[in-house]
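Visitor: Mind looking at a prediction? Sequence and model below.
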Amino acid sequence: MTTRRRFLTISAAAAVFPYQSMAAPVHTWQGIALGARATLRLAHPDAKAISARVAAEISRLEDIFSLYRPHSSLTQLNRAGQLDFPPFELLECLSIAGTVHRISEGRFDPTIQLLWACYAEASALGMLPQTDAITRAISKTGWERVRISSSAIVLEPEMALTLNGIAQGYIADRVAEMLMEEGLTNVLIDTGEFRALGTHPDGRAWPVTLAAGGTVPLDARALATSAPLGITFDEHARVGHILDPRTGQPVQSNWQEISVSAASAAVADALSTAACLLGTRDAIDTFVARFQDAHVEDATAA
């Protein structure tokens, strides 16, 4: 499998900001969130202590959303098919996912985990999955078959969820909420998707540069980018990781990357993922506009 992590698809404009000399020095913390590079940028006398609290919060949230931690809430749900008294964060994230699933007409569907695993396992052997394996994985897919309540999340037999198209953004939102409760502003959070609290300390918007070119200024806003070939399943890097849950096939996308901004990083994350399944810029703009205060910042043709 050829991998280009999402942090390579979009990055902060510079480690040293062009206007930094006019403001307090910006402290940068770096870590990992769900396998992607995470950073926190802020100017504050207690920046190191704040960064430690952010790292702890990210780890706590990974204990909910990670597919690789054996005791995470999501892993337990997928293993047992049921999770009693699920954490609030998982319920909230699934609620957002359900809304995007409905408005995207099924293009965004967290139940594709078995389908994704089908491609990943074949890729590890230097192959693509057989048709019968894809057909079987699709038979275990379908958001409408997931039952969600505050008392339990229940999957049908052999189903599994992935929140890879939304959880990085959701984690950025939760970190932002924690810092806002502490009264902090002028912070840029990057968990693979961006969330800005206010502006850069110099008073200007945080500049975020897209891999395909151009800069998006962020001021109290979130930004997410999806790239259909950000992860690929073949040696020629032509079979991408964004799968159409309706057909089981990798998206043959017209887009190199799609960037969406919104008030919520979770919403921006999910919208940018679903938008990769749309063929025209007009269709993408119409879809994203159905969400309040969400905008397409860039759709770069492949």
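Guide: Yep, it's here.
Visitor: Could you tell me which other helices and strands the strand or helix carrying residue 224 packs against?
Guide: Residue 224 is located in strand 222-226, with elements delineated by DSSP states H and E. With contacts taken as 3 or more C-beta pairs under 8 Å, 6 or more residues apart in numbering; DSSP states H and E, strand 222-226 sits against helix 6-9, helix 167-181, strand 194-197, strand 255-262, helix 265-275. Placement of C-beta: from N, CA and C, glycine included.
Visitor: ranking these by burial, who's on top?
Guide: Most buried of those by mean neighbour count (mean count of other C-beta atoms under 10 Å) is helix 265-275; its value is a mean of 30.
Visitor: can you dump the C-alpha coordinates of that one into CSV?
Guide: Output in CSV follows, covering the C-alpha atoms of helix 265-275 (Å, rounded to 0.1, in the frame of the first residue of the first chain):
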residue,chain,number,x,y,z
ALA,A,265,-13.8,20.7,11.7
ALA,A,266,-15.8,17.4,12.0
VAL,A,267,-18.3,18.8,9.5
ALA,A,268,-15.6,20.1,7.2
ASP,A,269,-13.8,16.7,7.4
ALA,A,270,-16.9,14.7,6.4
LEU,A,271,-18.0,17.1,3.7
SER,A,272,-14.6,17.1,2.0
THR,A,273,-14.6,13.3,2.0
ALA,A,274,-18.1,13.0,0.5
ALA,A,275,-17.4,15.8,-2.0
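Visitor: low-scoring pLDDT stretches of the stretch 101-250 of the chain, where are they?
Guide: Scanning the stretch 101-250 of the chain with the threshold set as pLDDT under 70 gives no residue ranges.
Visitor: from the chain's centre, how far out does the strand holding residue 224 sit?
Guide: The chain centroid and the centroid of strand 222-226 are separated by 8 Å under C-alpha atoms, centre = their mean, to the nearest Å.
Visitor: what separates the helix or strand just after that strand from the chain centre, distance-wise?
Guide: On the C-terminal side of strand 222-226, the closest following helix or strand by DSSP H and E is strand 231-232. Put simply, strand 231-232 sits 15 Å off its chain's centre (C-alpha atoms, centre = their mean).
Visitor: Hmm, residue 93 is touching residue 165, no?
Guide: No - with contact defined as C-beta atoms under 8 Å, residue 93 does not count as touching residue 165 (10.9 Å).
Visitor: Next, the contact list for the nearest residue to residue 166 once chain neighbours are set aside, please.
Guide: With sequence-adjacent residues excluded and distances taken as C-beta to C-beta, 6 or more residues apart in numbering, residue 166 is closest to residue 270, at 4.5 Å. With contact set as C-beta atoms under 8 Å, 6 or more residues apart in numbering, residue 270 has these partners: 96-97, 100, 108, 165-166, 169.
Visitor: From the residues you listed, pick the one nearest residue 145.
Guide: For those, the residue nearest residue 145 by C-beta to C-beta is residue 97; the value is 14.1 Å.
Visitor: quick one: that closest one and residue 193, what's the gap?
Guide: The span separating residue 97 from residue 193 equals 15 Å under the rule C-beta to C-beta, to the nearest Å.
Visitor: Perfect, that will be all.
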